[in-house]
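A.B. asks: Coordinates for the following, if possible.
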Amino acid sequence: MSTSPQPNASLTDTQRAGIAALATTLGAPACAAADAAIALGQLPHEQRTGLLQLLEAMDFLGLRHQPPHLRRTLVRIVENTSPDTKAGMDGWRHLTNAP
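C.D. replies: All right, here's what the predicted structure looks like:
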């Protein structure tokens, strides 16, 4: 696994909205979510790729439009669907100090 910083990838509107929804769902402060969006390029490739996959999957499931208790359940389910999305959540937690 590479740990060298990567250039900050341009995020889609969907991915930005997913970051905001994930921050709200997991109780990460808004500034941490903004920092996470900026710092994505510093994640190892596997974590960055997994987090982007996670954000896309959560958008597909309509995470932003679900009540908070269902959001947390969806995050846990999607996180555990693959090693990539698990790595993505590990990266998210690292960036935001979220639980």
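A.B. asks: Relative to the whole chain's centre, how far out is the lowest-mean-pLDDT helix or strand in the chain?
C.D. replies: Across the helices and strands of the chain, mean confidence by mean pLDDT, DSSP states H and E is lowest for helix 30-39: a mean of 74. Its chain's C-alpha centre and that of helix 30-39 lie 10 Å apart, by Cα atoms, centre = their mean, to the nearest Å.
A.B. asks: May I see the buried residues of it?
C.D. replies: Buried residues in helix 30-39, counted by 16 or more other Cβ atoms under 10 Å: Ala32, Ala33, Ala36, Ala37, Ala39. All C-beta atoms are positioned from the backbone trio N, CA, C, and that covers glycine.
A.B. asks: how far away is the closest residue in space to the second one that isn't next to it in sequence from Gly88?
C.D. replies: Just to be clear, that refers to Ala33. Excluding the flanking residues, the one nearest Ala33 by Cβ to Cβ, 6 or more residues apart in numbering is Ala23, at 3.4 Å. Going from Ala23 to Gly88 by Cβ to Cβ, to the nearest Å gives 14 Å.
A.B. asks: More neighbours: which of the two?
C.D. replies: Gly88 (25 against 21; other Cβ atoms under 10 Å).
A.B. asks: residues in contact with the nearest residue to that one once chain neighbours are set aside?
C.D. replies: Leaving aside its sequence neighbours, Gly88 sits nearest to Gly50 (Cβ to Cβ, 6+ apart; 2.9 Å). Gly50 makes contact with Ser82, Pro83, Asp84, Thr85, Lys86, Ala87, Gly88, Met89, Gly91, according to Cβ atoms under 8 Å, 6 or more residues apart in numbering.
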